[in-house]
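In: Have a look at this fold, sequence not included:
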């Protein structure tokens, strides 16, 4: 009947195991660390099964297959041209977050393990710890370079500040979105926690009147009606949203022409609670008639 494939990759330590488990719970047949050379064979087998039933397959590939990674992009492109529904998702995180995660789990980075570099989490002195951290950072930078082309061709999720439950939800939202030439993702965030790494465009809305300073609005968010009513009465808010809309309307056709599948528009305010959330929700409603749009709120979704 039909075959859906989710291709999952990303930086080591960014949460691929969590994402793959979420896909398995959603009914996907999951294959972890598949050698890229076998992707065609797997698809051929699943297409045969799809003649009698709907098939949903998730394939995870990481940097351990570095030598074979160059063959992946052409294969994914060919599958799309053949009518197979393929969605590519890339998980990323800040280097500081990745170093912290490897330290907490006491597991070696796959590239360091492959190269025979052994790290000792219980290193007896500060110099040894600094050397290990430097080696890990260098390895992460190498991994970013190796996986760069795959990142450019995928929907990127920055997991730096995400809880596992958030990541599971965001993964499900992406893979369940209807097929579209371009999926537009609006994401609110707090500048105090850093700009999302997955953003293609970043807009700052901190110049808008802040509902936080109104006692009755402080505990609410940009999705609550009193905050919506307050910001809707602010001329600056309407003007800024209209300007962002006009910018995107001008340049989205160009991005579609460049064969982009996903564009993430990040909207930031101080706390990621009122103004950015309101703007994201308003923009999503305006762009819904144009195709697939998703809204996510980095600071609020985790609560």
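Out: Done, it's in. Fair warning: this is a prediction, and the values are worked out from it, not measured in the lab.
In: I'd say residue 269 and residue 207 touch.
Out: No - counting by CB atoms under 8 Å, residue 269 stays clear of residue 207, with 9.4 Å between them. (Each C-beta comes from the backbone N, C-alpha and C, glycine too.)
In: of those two, who's got more company?
Out: residue 269 (27 against 11; other CB atoms under 10 Å).
In: give me the beta-bridge partners of the more buried one?
Out: Beta-bridge pairing for residue 269 (DSSP bridges): residue 190.
In: now swap in residue 156 and tell me
Out: Applying DSSP bridges, one finds that residue 156 bridges with residue 90.
In: start at 39 instead
Out: New numbering, starting at 39: the last item is residue 194.
In: I'd say it and residue 236 touch.
Out: Yes - with contact defined as CB under 8 Å, residue 194 reaches residue 236; the gap is 3.8 Å.
In: Just want to know which of these two has more residues nearby.
Out: Between residue 194 and residue 236, counting by other CB under 10 Å, residue 236 is the more crowded of the two (23 against 20).
In: So that one lies in a strand, does it not?
Out: No - counting by DSSP: H, G, I helix; E, B strand; the rest coil, residue 236 is not found in a strand; it is coil.
In: Now do the contacts for it.
Out: Shown in contact with residue 236 (CB atoms under 8 Å, 6 or more residues apart in numbering): 130, 194-196, 225, 302, 304.
In: Recalculate using a threshold of 10 Å.
Out: Residue 236 makes contact with 128-130, 189, 192-198, 208, 223, 225, 300, 302, 304, 336, according to CB atoms under 10 Å, 6 or more residues apart in numbering.
In: Filter these down to just the ones in strands.
Out: Within the contacts of residue 236, residues falling in strands by DSSP state E are 128-130, 193-196, 223, 225, 300, 302, 304.
In: Can you tell me which of the residues you listed is nearest residue 183?
Out: Nearest to residue 183 out of those is residue 130 (CB to CB; 13.3 Å).
In: ok, and for stretch 278-294, which residues are buried?
Out: 278-279, 282, 286, 290, 293 (16 or more other CB atoms under 10 Å).
In: nearest to residue 324, of these?
Out: Of these, the one sitting nearest to residue 324 (CB to CB) turns out to be residue 279, at 7.8 Å.
In: Tell me if the closest one really is in a strand.
Out: No - going by three-state DSSP, the assignment for residue 279 is helix, not a strand.
In: Roughly how far does the closest residue to it other than its chain neighbours sit from residue 229?
Out: The shortest distance from residue 279 to any non-neighbouring residue, by CB to CB, 6 or more residues apart in numbering, is to residue 320 (5.4 Å). According to CB to CB, to the nearest Å, residue 320 and residue 229 sit 19 Å apart.
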